[in-house]
Each structure stands twice: as C-alpha cells, then as structure tokens.
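> Fold the following and give me the result.
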Amino acid sequence: MNKNTNYSVPGFLGSAVSAGLKKNGEKDLALIFSQRPAIATGVFTTNTVKAAPVILTQKNIKRGFLRGIIINTGYANACTGEQGLKDALLTANLSAAQLEIKAEEMAVASTGVIGSYLPVDLIKSALPSLIKNLSPNGFYSVADAIRTTDSFPKISYSQGHTNGKKYSILGLAKGAGMIMPNMATMLSFVLTDINIDIESLLPIFRSAAENTFNRITVDGDTSTNDMVLIMANGFAGNKIPEGKELKEFESNLRETMGNLSYMIAKDGEGATKAIIIELNGATSQKEATIAARTVANSPLVKTAVFGQDPNWGRIMAALGRSGITMKESMVQIWIEGVKIVEGGLMVGKDEEIEAAERMKKKDITITINLNQGSCKERITTCDLTYDYIKINAGYRS
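Purely as a prediction, here's the structure:
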C-alpha cells in the first residue's frame, strides 16, 4: 500500500505514537476519535478466555455509541485477572480525561503476548503526544501501529451515496497469526460518516462480519482478543437509509470488511499463497461450513499448496474426517479450474501436472463438489510454510 495515501472519514481523527511497548521502538499505541458521539456496535471473540479489553469494551458498547478507541500492541492484557481489568479501565479513564469525554465512551483494544501485565505508565506518558497528533489523515499510522506479526498495514476504503449525500467507509485491521475468528489475534475497526440508527446497523454489521471475518482461517486458533467494532458518526448528514439505499450501504460495508479479511488470510504468518476453498453440494449450510473449514485448516492440505503439489488425497482425507454427510464415490475436486478428482478417483497424471503448474500462482482456488445437496460455502486461508514455525517458535523472544 502507498504510504502517501491519506484516507479520511469526516468527523474522525486518528493518531499513533511509540510508547515503548514494542522492543523495536516502532509505533505501538493508536487512537481513533470521533468528533461527535458515534453509533457503535461490535462483535467479539467467542473464546471463553477473554482479554480484559474485550470484557470492558463489551460493557461500554452496550450503550450503543462510542467516542474513541485506544489500541495497544505488544501486550494482549489477557489472562491477567483483576489487575488486567483495572489496567484496561485505567487506560480508558486516562484517555477519556484528556479527550474530555466520559470513560464509558471509550473502547479499549489490545494485542500481543498473553499473560503479561499492561505497562500502563508507558501508555500514560505517551497519551499527550497521542492526542496532540490526532489528524483526519492519521489512519495509515493507526493501521501501521496496530500490527504485530503483520507484514503490512491493512486498510480498505469505499464511498457511496444515500439520499443524495456522499458517505465514506474506512476499515482498518490487524492479524496474521492465531486466526480463526469465531464471533484472531485479530482486531478490526470500521469507521463511517453515514447517518444510521443502531436498529438498522446492528443486523447488517453482524451479517457482514459473519460472512467475511468469520470465513477466514490461518491456523485454526481463535484468539482471546478478537474484536471488530464499527462507529457511524452521521457527519454525512443524510436521512437514515431504507430499502434499496440501505442494501447498497450493506453491500459497500461487506466489500470493505471482505477486503480486510482477505488481506488477513493472505498475510498469514509466513504465507506465500492465499487459498480459497469453495465447497459445493453439501446437505446443509452447517455441513458446508464444517467441510470447507476442515479442509482450510488441514496442515497437510496447506503444506501441499506451499509445495505446489496437487495432493488431492489430503483433501479427501480432510473431508472424510469432518463428520459431514458424503459419499466418496460422488466427490469432485478442481484445483485452479483443473479437475483432478472425479467420482472420488484420480482423473489422470496429465491433469495433476497441469494443476501443479497452475499452483505456482499466489492465489489458489480449490473447488469441491460433494454432490449431496445444494448448500455451499467459501473459506479463505493460506499455505503453511517453514516461516510460520520460525515466527511462532520465537514469538516471545
């Protein structure tokens, strides 16, 4: 992404500084601020081990609006007990006081090492600079600062019109490992100036999250800190959209979130290829999701893609252990449009050679037809490489 690209949404400000939370001295503390109260909602990890910032933000967002989000990297503030909750609350209180808003109008998000206590003193010392640097064009810095093992900042931007008024949608995200959101470590923040009520926003936002962030996986691990928040501040000045115009906003929102989720999967730790699993012909939507996710999470399938080996037996084995309704003799499999399995059997050596050649690409689609029903699913993942092991083996060192 071009660092000179300044994305902005009217009424929102962003900033980031180095508070000394990261060992390398890079920016590690970020702030998002709305110049007026913004309608807000979110989806959060379903992991029963929830980080302190998740617990606090879930509480604050129940009021239906926010003014700010403060995000730190380096420390997840998870598995930190009562002290962790106190530290999250203190972070919100300190930020709110300097922003001259109420503490319950703040969301707190954290990402990093689990089990370490948050160095609140470092955050407190950095807050004046963080607030002083707030800018309409500060969101690239925010996206950059919230990275941990991400190889690039993740930003998605779109615009639309409703009631003759232009609105913008800006999405920021981080995530590369511990990714299988189930609402990864994954954080995302979506900002829009559209005027909308919570009753309209809530269902379309949850549906968008379900069909984007909840349809990616890197390693099958659901984080303690997963959080996706949306804020809508109404600066566009439109009437609350209905019917066709609400559908158009939903489409733009889903596209923005879909772009972010694809970036996360493609940027999986150590990944060299993005993999799309298209599962067709399942007996139910639940079984379609289970089957596609089982294949997407299979280390053997993922390593085969890394090695550019059309080893379809690994796909068949993953389907067979997924627990879904299937008949081996009816399964068809394609890799990048080349049919390599028909009726559960290899099509031929020439087809495998062609598939292997096409697997040199950076984006690989594996299409499966169970021929058992009409339900389908699509999951995005990535290959599994030597570097994934290196990154995670040395994560705390």
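> buried stuff in the top helix by length along the chain?
Determined from DSSP state H, the single longest helix within the chain is helix 243-266. Under the neighbour-count criterion of 16 or more other Cβ atoms under 10 Å, helix 243-266 has 245-246, 249-250, 252-266 buried. C-beta here means a position set from N, CA and C on the backbone, and glycine is covered the same way.
> Over to stretch 82-94?
Per 16+ other Cβ under 10 Å, stretch 82-94 contains these buried residues: Gly84, Leu85, Asp87, Ala88, Leu89, Leu90, Thr91, Ala92, Leu94.
> Does the fourth one touch Leu118 like I think?
Read it as Ala88. Yes. If you go by Cβ atoms under 8 Å, Ala88 and Leu118 touch, sitting 7.4 Å apart.
> Report pLDDT for the nearest residue to Ser156 once chain neighbours are set aside.
Once flanking residues are discounted, Ser156 sits nearest to Asn259: 3.9 Å by Cβ to Cβ, 6 or more residues apart in numbering. As predicted, Asn259 sits at a pLDDT of 95.
> before we move on, the earlier item: which neighbours do Ala88 and Leu118 have in common?
Residues touching both Ala88 and Leu118 (Cβ atoms under 8 Å, 6 or more residues apart in numbering) are Asn77, Ser110.
> Ramachandran angles for Asn72?
When read as degrees, to the nearest 10, the backbone of Asn72 gives phi -120, psi 150.
> What of the one 5 residues further on?
Here the main-chain torsion angles of Asn77 (degrees, to the nearest 10) amount to phi 50, psi 50.
> for Lys361, same thing?
According to degrees, to the nearest 10, the main-chain angles of Lys361 amount to phi -70, psi 160.
> Okay, and Asn392 sits in which element?
Using DSSP states H and E, Asn392 maps to helix 386-393.
> That helix - what's its average pLDDT?
On average, the pLDDT along helix 386-393 is 82.
> before we move on, what about stretch 54-69?
So the average pLDDT for stretch 54-69 ends up being 97.
> Off-centre distance for the helix holding Asn392?
Distance, stretch centre to chain centre, for helix 386-393: 21 Å (Cα atoms, centre = their mean, to the nearest Å).
> Could you give me the buried positions within that helix?
By 16+ other Cβ under 10 Å, the buried positions in helix 386-393 come out as Tyr388, Asn392.
> start at 44 instead
New numbering, starting at 44: the last item is helix 429-436.
> Let's see it as CSV, backbone CA atoms only.
C-alpha atoms of helix 429-436 as CSV (Å, rounded to 0.1, in the frame of the first residue of the first chain):
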residue,chain,number,x,y,z
TYR,A,429,8.7,-23.1,7.3
ASP,A,430,8.4,-19.4,8.4
TYR,A,431,5.2,-19.9,10.3
ILE,A,432,7.1,-22.2,12.6
LYS,A,433,10.0,-19.8,12.9
ILE,A,434,7.8,-16.8,13.7
ASN,A,435,5.8,-18.6,16.4
ALA,A,436,8.7,-20.5,17.9
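> who does the longest strand seen in the chain pair up with?
Of all segments of type strand in the chain, defined using DSSP state E, the longest is strand 72-87. Paired neighbours of strand 72-87 in the sheet (DSSP bridges): strand 55-60 (antiparallel), strand 108-118 (antiparallel), strand 270-275 (antiparallel).
> hey, which of these is tucked in deepest?
strand 270-275 (a mean of 28; mean count of other Cβ atoms under 10 Å).
> and that one, how far from the chain's centre?
Centroid separation between strand 270-275 and its chain, computed with Cα atoms, centre = their mean, is 12 Å.
> looking only at pLDDT, what's the mean for that strand?
96.
> Just the C-alpha atoms of it, please, in CSV.
C-alpha atoms of strand 270-275 as CSV (Å, rounded to 0.1, in the frame of the first residue of the first chain):
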residue,chain,number,x,y,z
MET,A,270,-12.7,-7.6,18.2
VAL,A,271,-14.5,-5.9,15.3
LEU,A,272,-16.0,-2.5,16.0
ILE,A,273,-18.0,-0.1,13.8
MET,A,274,-18.6,3.6,14.5
ALA,A,275,-21.0,5.7,12.5
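> Flag every buried residue along the longest strand of the chain.
Under 16+ other Cβ under 10 Å, the buried positions of strand 72-87 are 72-77, 80-87.
> Sort out which one of those lies nearest Ser184 for me.
Ala73 (7.3 Å; Cβ to Cβ).
> quick one: contacts for that closest one?
Remark: with contacts taken as Cβ under 8 Å, 6+ apart, Ala73 is in contact with Gly57, Ser58, Ala59, Ile113, Ile114, Asn115, Leu173, Ser184, Val185, Ala188, Ile189.
> Run a quick neighbour tally on the nearest residue to the third one once chain neighbours are set aside.
Setting aside the residues directly before and after it, Ala59 is nearest to Ala188 in space (Cβ to Cβ, 6+ apart), at 3.5 Å. Residues lying near Ala188 (other Cβ atoms under 10 Å) number 28.
> Am I right that Ala188 is in contact with Ile75?
No. Judged on Cβ under 8 Å, Ala188 makes no contact with Ile75 at a distance of 11.0 Å.
> where do the contact lists of those two overlap?
Common neighbours of Ala188 and Ile75 (criterion: Cβ under 8 Å, 6+ apart): Ile114.
> And the average pLDDT for stretch 362-372 is what?
96.
> whoops, stretch 126-142 was the one
Mean pLDDT, stretch 126-142: 97.
> what residues does that stretch touch?
Applying Cβ under 8 Å, 6+ apart, the external contacts of stretch 126-142 come out as 74, 76, 94-96, 98-99, 103, 110-111, 113, 115, 120-121, 123, 145-151, 153, 160-161, 163, 166-167, 170-171, 174.
> All good on my end, thank you.
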